[in-house]
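A.B. asks: below: sequence and its predicted model.
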Amino acid sequence: MLGQSGQLSPLEMSPEIPQLKVSQVSLAATVGMGFLLQDISFEVLAGERIAIVGPSGAGKTSLLRLLNRLNEASSGKILLENQDIREIAPTQLRQQVTLVLQEAKLLGMTVQEAISYPLLLRGFPAAQIKERLIYWMERLHIPEDWQNRTEIQLSAGQRQLVAIARALAIQPKILLLDEPTSALDSGRASYLIQLLTQIAPEFGTTIFMVNHQLELAEEFSTKVLHLQQGKLVEFTASEKLDWKQLRQSFIELEQQEAEEW
Ligand SMILES: Nc1ncnc2c1ncn2[C@@H]1O[C@H](COP(=O)(O)OP(=O)(O)OP(=O)(O)O)[C@@H](O)[C@H]1O
């Protein structure tokens, strides 16, 4: 059935209709010349887990920022459930497509306030805010006694976990994670990856994750989006990718770059 706008409403969309469709998108540099991203096209179904991989400076963070309009595409089109994201107000879009930056900030709030605040802004009743706060803290293994800690009383990894809990508490359609394991020890990193792979099907959340640790990207992903120098090298099913070869090619690239320095 079509809505008044002539578009399918989200609930009426078939699971085979892409939730997100990126068509020939380019992003021009705002400093200097050239493009950060060039002619990127791919489609994603709801609930998929996409690992974004590529060497340093490939455009991975720029792509995440495009998907929630922190960057505006210079050309091309991004459709969220058939609607051009330029037609969605940024604040509204970011409730549905939520980005967690690598350097997570709690903006002077305590852990409890930081997780609750976005829900408060959206008018959730106090009891529901508390319920979600406790639920997501537990799922992320955030100890209860962190609740009253502020940013400076948390390590970088602890701040990342709180920022992820804050984003998950909103229950966005699409969660964008930039290097979420970069400041975590290997045990916590592994737990987070397992948790994300459970949450995606449980809540129907689509998750994009930038990660330099390819073994974690492999464990996490249903699809892999490989960028190099702002271009899409491949977008493929994780199980079809030759991960061993990809690891080897990244090692060679790093060695080459180290020699050029
Ligand atoms: N607004 C901008 N104007 C010009 N260049 C930019 C701008 N923002 C980022 N860059 C450059 O664009 C390239 C892509 O940056 P981006 O942060 O997206 O890469 P990345 O793949 O996430 O890298 P890393 O893995 O190191 O985080 C980099 O060379 C970066 O210095």
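C.D. replies: Thanks, I have the structure now.

A.B. asks: and the gap between Thr181 and Ala58?
C.D. replies: To Ala58, Thr181 is 18 Å away according to C-beta to C-beta, to the nearest Å. Where C-beta positions appear, they are placed from N, C-alpha and C, glycine not excepted.

A.B. asks: looking at the two, which is more packed in?
C.D. replies: Ranked by neighbour count (other C-beta atoms under 10 Å), Thr181 and Ala58 place Thr181 first, with 24 against 21.

A.B. asks: and the most centrally placed residue in the chain, which of the three is it?
C.D. replies: What sits nearest the mean C-alpha location of the chain, by C-alpha atoms, centre = their mean, is Leu176, with 1.2 Å. What DSSP: H, G, I helix; E, B strand; the rest coil gives for Leu176 is strand.

A.B. asks: and Leu67, how many neighbours?
C.D. replies: As a burial measure, Leu67 scores 22 neighbours (other C-beta under 10 Å).

A.B. asks: so for it, what's the pLDDT?
C.D. replies: We have a pLDDT of 97 for Leu67.

A.B. asks: show me what contacts it?
C.D. replies: Counting by C-beta atoms under 8 Å, 6 or more residues apart in numbering, Leu67 makes contact with Leu20, Val22, Ile78, Ile85, Val97, Leu99, Ile174, Leu176, Phe208.

A.B. asks: please repeat the previous calculation with a cut-off of 10 Å.
C.D. replies: Listed by C-beta atoms under 10 Å, 6 or more residues apart in numbering, the contact partners of Leu67 are 20, 22, 25, 44, 73, 78, 80, 85, 93, 97, 99, 174, 176, 208.

A.B. asks: of these, which is the most crowded?
C.D. replies: Leu176 (28 neighbours).

A.B. asks: give the bridge partners for that residue, please.
C.D. replies: Leu99, Phe208 (DSSP bridges).

A.B. asks: which residues touch it?
C.D. replies: Listed by C-beta under 10 Å, 6+ apart, the contact partners of Leu176 are 50, 52, 61, 63-68, 70, 94, 97-101, 167, 206-210.

A.B. asks: only the buried subset of those residues, as a PyMOL command please.
C.D. replies: Entered in PyMOL, the line below selects the buried ones among the contacts of Leu176, by 16 or more other C-beta atoms under 10 Å:
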select buried, resi 50+52+61+63+64+65+66+67+68+94+97+98+99+100+101+167+206+207+208+209+210
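
A.B. asks: how about Gln112: what's its closest non-neighbour residue?
C.D. replies: Among residues not flanking Gln112 along the chain, Gln147 sits closest, at 4.3 Å (C-beta to C-beta, 6 or more residues apart in numbering).

A.B. asks: sounds good, over and out.
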